[in-house]
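Q: Starting from these lines, generate the structure:
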Amino acid sequence: ALAEGAKIEQEWNAKFKSYKRKHRELAALWEDISRGKLPKGWDKGLPKFKPSDGKIATRAASGKFLNAVADKLPHLIGGSADLAPSNNTEIKGAPFFDRKKAGRNIHFGVREHAMGAAINGMALTNMLIPYCATFLIFTDYLRPASRLSALMGTHCVYVMTHDSIGLGEDGPTHQPIEHLASYRAMPNMTLIRPADANETVEAWKVALRHKGGPVMLALSRQGLPVIDRKVCSPASGVAKGGYVLRDTKGRPDVILISSGSEVSLCLDAAEALLKRNVKARVVSMASMELFEAQPVEYRRSVLPPSVTKRIAVEAAATFGWEKYVGLEGRVMGIDTFGESAPAGDIYR
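A: Residues are numbered from 1 along each chain as shown. Model prediction:
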């Protein structure tokens, strides 16, 4: 068997050498992919968003990113558990995979566990970067496969939309509460909850570059304001997990820490506090896992130990935020099930 395998490999190498002479660019792309490298220039021309664009759901920004990189990353493949229009995971113009033809778009059907198992298998080829999608609430059915993904260290991307009570009228059966905390507790799972459209682009960049484990993106159903980066720090801070989004002059009186859709609420709160002569620093904590991987000096620069008045805000279970607010801080979250009402009414 070893001799036969060596012979087949030698024949394949000879064929590839011939192919490489005729198709240099395609051969170079194959070599990059087989080595786990992203093609040169893949991150050029990515979508950029401005406050004047109005509110944009992070799930919509995710879809724009996918379609912007699809041509440059032919090994990026995936789909949704029968929710592609809601998850924004369809690669436009690409065929759908079925029994008769190959394709980059996959109809996984309403079978979240099997969907997760399938992309694990794809990732184990070390040639494909697979993604799958559903509502965050339905990770309850996906969990065994996603846990194996974390255990095996596969390069999978989980696109989980409708990430909070902000999904509105579907009510408590569809509103995730404990799900963010549970995935943050899972070893080797990196969860990123971007605050706006530009943070979503940066989150995807992290997910595609990440090695040694899966990345889960928690995305909003509802439109979120595009943060003014002329006033606030660049969205590239997402790569460090948590970063100072907006600061004050001198030592802050209080630090407001948040993720996802609640970050813009913290920015509004900081403005209101300033009118009362209270200086508030706003920290976007898009990913606790990425933040914890940073040097202690960086983490202390974002959350100075000398500033003990801290408030964490997230429309989900409060579990896990205590380590950032300390004994003198507070966590504003939801430790009950949600309600069925328009998102704006629920937040009030």
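Q: for the chain, longest helix please?
A: helix 2-22 (DSSP state H).
Q: contact partners of the next helix or strand after it?
A: Heading C-terminal from helix 2-22, the first helix or strand you meet, by DSSP states H and E, is helix 24-34. Contact partners of helix 24-34, identified using Cβ atoms under 8 Å, 6 or more residues apart in numbering, comprise 16, 19-20, 38-40, 74-75, 126-127. For the C-beta atoms, the positions are set from N, CA and C on the backbone; glycine is no exception.
Q: Pull out the buried positions in helix 24-34.
A: 29-30, 33 (16 or more other Cβ atoms under 10 Å).
Q: what's the angle between that helix and helix 2-22?
A: Helix 24-34 runs at 140 degrees relative to helix 2-22, counting by axes from the mean of the first three to the mean of the last three Cα atoms, to 10 degrees.
Q: Tell me which residue lies nearest the centroid of this protein.
A: A centroid search over the chain (Cα atoms, centre = their mean) returns Leu217, at 2.5 Å, as the residue closest to the centre.
Q: who's in contact with the closest residue to Val231 other than its chain neighbours?
A: Closest residue to Val231 apart from its sequence neighbours, by Cβ to Cβ, 6 or more residues apart in numbering: Arg246 at 6.8 Å. Applying Cβ under 8 Å, 6+ apart to Arg246 gives the contacts 231-233, 267, 270, 281-282.
Q: Filter the residues you listed down to the buried ones.
A: Among these, those classed as buried by 16+ other Cβ under 10 Å are 232, 267, 270, 281-282.
Q: Make a markdown table from those residues and add pLDDT and secondary structure to it.
A: What follows is these, written out as a markdown table (pLDDT from 0 to 100; DSSP: H, G, I helix; E, B strand; the rest coil):
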| residue | pLDDT | secondary structure |
| --- | --- | --- |
| Cys232 | 98 | coil |
| Leu267 | 98 | helix |
| Ala270 | 98 | helix |
| Arg281 | 98 | strand |
| Val282 | 98 | strand |
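Q: out of those, who's nearest Ala150?
A: Checking the buried ones among the contacts of Arg246 against Ala150 with Cβ to Cβ, the nearest one is Val282 at 30.4 Å.
Q: For that closest one, list each beta-bridge partner.
A: Using DSSP bridges, the beta-bridge partners of Val282 come out as Arg246, Leu256.
Q: Surely it touches Ser264?
A: No. Between Val282 and Ser264 there is no contact under Cβ atoms under 8 Å: 9.7 Å.
Q: Helices of this protein, start to end?
A: Assigned by DSSP H, the chain shows helices spanning 2-22, 24-34, 58-69, 84-87, 112-123, 139-152, 179-184, 197-209, 263-274, 288-292, 296-302, 322-325, 343-347.
Q: looking at these, which is closest to Cys132?
A: With Cβ to Cβ, the closest approach to Cys132 among those belongs to helix 112-123: 4.8 Å.
Q: and for that closest one, what are the contacting residues?
A: Identification of contacts with helix 112-123 by Cβ under 8 Å, 6+ apart yields 77-79, 81, 106, 108-109, 128-132, 134, 138-139, 141-142, 144-146, 148-149, 152, 154-156, 158.
Q: again, only using 10 Å
A: 75, 77-82, 106, 108-109, 111, 128-135, 138-149, 151-158, 214 (Cβ atoms under 10 Å, 6 or more residues apart in numbering).
Q: Pull out the buried members of these.
A: 75, 77-82, 106, 108, 128-135, 138-139, 141-143, 145-147, 149, 154-158, 214.
Q: re the thing from before, for Arg276, see how far away the residue nearest to Val231 is.
A: Remark: distance between Arg246 and Arg276 (Cβ to Cβ, to the nearest Å) = 17 Å.
Q: Next: Lys249.
A: Relative to Arg276, and taking Cβ to Cβ, Lys249 is found at 16 Å.
Q: now swap in Ile56 and tell me
A: Distance from Ile56 to Arg276, by Cβ to Cβ: 31 Å.
Q: so what's Ala145 closest to, chain neighbours aside?
A: Gly116 (2.7 Å).
Q: and the residue lying closest to Lys309 once chain neighbours are set aside, how many residues sit next to it?
A: Spatial nearest neighbour of Lys309, excluding adjacent residues (Cβ to Cβ, 6+ apart): Val254 at 4.4 Å. By the measure other Cβ atoms under 10 Å, the count of residues near Val254 is 19.
Q: next one: the one 5 residues further on
A: Each residue near Ser259 was counted by other Cβ under 10 Å, and the total is 31.
Q: Just the buried positions in the helix or strand of the chain with the lowest mean pLDDT, please.
A: Using mean pLDDT, DSSP states H and E, helix 343-347 stands out as the lowest-scoring helix or strand of the chain, at a mean of 87. By neighbour count with 16+ other Cβ under 10 Å, helix 343-347 contains the buried residues 343, 346.
Q: Check the contacts of helix 24-34 and tell me the two furthest apart.
A: Tyr19 and Leu38 (21.7 Å).
Q: Quick check: the gap between Thr318 and Pro305.
A: Thr318 is 22 Å from Pro305, by Cβ to Cβ.
Q: How about Trp12?
A: 58 Å.
Q: and if you look at Gln175?
A: 35 Å.
Q: of those two, who's got more company?
A: Set Gln175 next to Pro305 and count neighbours by other Cβ under 10 Å: Gln175 wins out with 26 against 8.
Q: What's the separation between the closest residue to that one other than its chain neighbours and Ala312?
A: The shortest distance from Gln175 to any non-neighbouring residue, by Cβ to Cβ, 6+ apart, is to Gly338 (3.5 Å). Using Cβ to Cβ, one gets 19 Å for the distance from Gly338 to Ala312.
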